[in-house]
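Asker: just a sequence and a predicted model for now, questions to come.
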Amino acid sequence: MAFKQNSDGFPNLTTKVTPTTSDIVMIADAAAANAPNQATVGSLPFVEIAGDTMTGALILNADPATALGAATKQYVDNVAVVSEIKASVICASTVALTAIYANGALGVGATLTNNAAQAAFSTDGISPAINSRVLIKNQASTFQNGIYTLTTVGSGASNWVLTRATDYDVIAEVAPGNVVVVETGTLNAVTQWMQSATVAAMGTDPILFTQFGASLPFVEIAGDTMTGALILNADPATALGAATKQYVDTAITNISIKSPVVCATTVALTAVYANGALGVGATLTNSGVQAAFSTDGISPAINSRILVKNQASTSQNGIYTLTTVGSGATNWVLTRATDYDVIAEVVIGTVVVVETGTAANVTQWMQTQIVGIMGTDAISFTQFGQNSLYVLKAGDTMTGALILNADPVVALGAVTKQYVDAIASGLTIKSPVICASTTAFTVTYANGASGVGATLTNAGVQAAFSTDGISPAINSRVLIKDQASQLQNGIYTLTTVGSGATNWVLTRATDFDAVAEIILGSIVIVQTGTANANTSWIETATVATIGVDSITFSQFGSSTKYKQTEVDFGSTPVDNASFTITDAQVTASSIVSCWLSGATPTSKDQDELEMDALFMEALPGAGSFSLYIRGLEGYVSDKFKINYLIN
């Protein structure tokens, strides 16, 4: 095919608007009389607009003037040398101000005074308050630019005055790389500006600010929100140091919340310390003027709990009980509290709340020392938190309502009223078990008839059944909660004890072998065991099919005790009957929950016995609680078993 040629010997071809690297082009030396040659676009010594790799240096003709302009080395070097990030300004100018400039003493005290219509100062939609910091960056005489303080606001009858800020009024402070953030404004809100000029003489040399970035990658000292993770280089060493995750995890793991004390010391007590049996029974006995014990404006009653935290010999500090009040003729005596008198109880992270006092009223204290020997090692308490402002992580009392934003979705999520209301109808307290598993058993599981008659048969070494230090008798109730296959968990009865020649067999309890009985919220108390004695467990899974769905138990409460006693309702039980239950373990701060069992009324069906209203309260002096029962009309004389829990 032949093409018509132009005067330089090139064929007249149609121009391709967007050539590719593989396209062939015709090239020739315009200064020589050579015929044109061909070459591919990709082999030409140019940078492709779509992106390319330089094989030599690229020298730009100036610093960038636009946000997307290619940056020169000198521009980057100036930016990289950020000499100081200045305190932020409330707003910044957008146009030149009409003002008279006075340079003060080489910049110190320099002012810009309004020279236009008198009015209160405003810029970029902001009317700042007196002493606000303002960035001036648009003056025609650029030496007037800088960071100023609004020293006179101005009005319709007086001129506003800006005075150079004291951290930006001498040449040592006005340096290339200075950065300042603008907090508010229609145009300048949350923008950052860098001073790029070298200033040798204030009031003569230009002071130039250039905006950079979209948002500074810094956390503002006045408060800010992180957009990513903050990785610290070490655990905190001071009280106000930022805490690492490992520090918090360690601290939380060790936290133990003790029963509150009625008051706390504010100064060292004059007393003689006796260490008892390695702390058990240790005492502080008054060795000062004989008088009834008092501290921080409180004169506590006998057996009151008291926090002693100011002793010069810090090994004497701790939680005590006032065992002898004292008088003008006798010495008071404090005895270490039974929940804080051995090293296993005096642990770092222990928290105690002080209920009353002039100085320590409603304060919380944390034990911060590791104690290896009672009576020798220091026991130190540090105050933390401020009850009036927020709820303590260690536990607190709200003074107003707490509204959550949703029902809980994780096991430890705080619950809403609607969530509790929805599951409350499913709560049922099962008869207690004698013991509970602590690890998974090696067994063979048979599901019976959809759970009824389901069994766990020993598939390990033959021996009598035992768990958690307990060897239960035949027909004892046992909680199985640790099976790897969680569908096997549940409440069982020991139907075959087993021996060295026979396998033990557990059979699902008849009150926990159907889906209607294994419901979310079922509660069971473990009576005995090395690890599980007096613990409470709640079933936390929804079970639709026994032998398929998981059955899971979670412990709740820390010091729950299960008890049972009998109450004689008399020959003619009446509504709102009241009874006194005596129990030395009940204190004024106990929480007691009760339910009935073992009754054989003749005039009502057992299933119709309903506790319309049942509540307990500790009587003065403790050691007992009153039980009020409503709904007993129509029963004949009988003794009822009262099951109760003490927390």
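Answerer: Here it is on my side, so go on.
Asker: okay, now the domains of the protein?
Answerer: 1-45, 74-218, 232-400, 403-558, 561-646 (automatic domain parsing).
Asker: redo those domains as TSV? Include distance to Asn61, mean pLDDT and mean neighbour count.
Answerer: Every C-beta, even on glycine, is put in place using the N, C-alpha and C of the backbone. Written out in TSV, the entries for the domains of the chain read as follows (distance: least, CB to CB, whole Å; pLDDT from 0 to 100; neighbours: other CB atoms under 10 Å):
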stretch	distance to Asn61	mean pLDDT	mean neighbour count
domain 1-45	19	59	10
domain 74-218	12	89	17
domain 232-400	44	86	16
domain 403-558	57	87	16
domain 561-646	81	55	14
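Asker: would CSV of those domains with distance to Thr53 be doable?
Answerer: Rendered in CSV, the data for the domains of the chain read as follows (distance: least, CB to CB, whole Å):
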stretch, distance to Thr53
domain 1-45, 12
domain 74-218, 20
domain 232-400, 38
domain 403-558, 51
domain 561-646, 75
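Asker: and the helices in this protein, which stretches?
Answerer: Taking DSSP state H, the helices of the chain run over residues 73-80, 245-254, 417-424.
Asker: who is the nearest residue to Ile85 once chain neighbours are set aside paired with across the strands?
Answerer: Leaving out its chain neighbours, the residue that sits closest to Ile85 by CB to CB, 6 or more residues apart in numbering is Val179, at 4.8 Å. Judged by DSSP bridges, the bridge partners of Val179 are Ile85, Met194.
Asker: Ala436: what's it in contact with?
Answerer: Taking CB atoms under 8 Å, 6 or more residues apart in numbering as the definition of contact, the neighbours of Ala436 are Thr467, Asp468, Val478, Leu479, Ile480, Lys481, Val526, Gly529, Asn532, Thr535, Trp537.
Asker: ok, now how distant is the closest residue to the third one other than its chain neighbours from Ile480?
Answerer: This means Val478. Among residues not flanking Val478 along the chain, Tyr492 sits closest, at 5.1 Å (CB to CB, 6+ apart). From Tyr492 over to Ile480 the distance is 6 Å, taken as CB to CB, to the nearest Å.
Asker: need the residues touching each of these two.
Answerer: With CB under 8 Å, 6+ apart as the test, Tyr492 and Ile480 both reach Leu456, Leu506.
Asker: which residues touch stretch 492-508?
Answerer: 448, 451-459, 462-465, 472-480, 490-491, 509-510.
Asker: kindly apply the preceding question to stretch 357-369 instead.
Answerer: The contact list for stretch 357-369 (CB under 8 Å, 6+ apart) reads 263-264, 266, 295-298, 307, 309, 314, 346-356, 377-385, 387, 392, 394.
Asker: give me the neighbour count for Ala65.
Answerer: Around Ala65 sit 7 other residues, with neighbours defined as other CB atoms under 10 Å.
Asker: look up how far Ser93 lies from it.
Answerer: 20 Å.
Asker: cool, Ser466 as well?
Answerer: Spatial separation of Ser466 from Ser93 under the definition CB to CB is 84 Å.
Asker: wait, Thr335 touches Gly318, no?
Answerer: No. Under the criterion of CB atoms under 8 Å, Thr335 is not in contact with Gly318, lying 10.4 Å apart.
Asker: tell me the contacts of Leu135?
Answerer: Taking CB under 8 Å, 6+ apart as the criterion, Leu135 is in contact with Val89, Cys91, Ala92, Ser93, Gly146, Ile147, Tyr148, Val180, Val182, Asn188, Trp193, Phe209.
Asker: try it again at 7 Å.
Answerer: For Leu135, the contacting residues are Val89, Ala92, Ser93, Ile147, Val180, Val182, Trp193, Phe209, taking CB atoms under 7 Å, 6 or more residues apart in numbering as the criterion.
Asker: nearest spatial neighbour of it, skipping sequence neighbours?
Answerer: The spatially closest residue to Leu135, leaving aside those adjacent along the chain, is Ala92, at 3.8 Å (CB to CB, 6+ apart).
Asker: wait, the one you found touches Leu187, no?
Answerer: No. Using CB atoms under 7 Å, Ala92 is not in contact with Leu187; the gap is 8.4 Å.
Asker: any residues in contact with both of these two?
Answerer: Common contacts of Ala92 and Leu187 (CB under 7 Å, 6+ apart): Asp124.
Asker: how about the contacts made by Thr382?
Answerer: Contacts for Thr382 were tallied using CB under 7 Å, 6+ apart; they are Trp365, Met366, Thr368.
Asker: please repeat the previous calculation with a cut-off of 10 Å.
Answerer: Ala239, Lys309, Gln364, Trp365, Met366, Gln367, Thr368, Gln369 (CB atoms under 10 Å, 6 or more residues apart in numbering).
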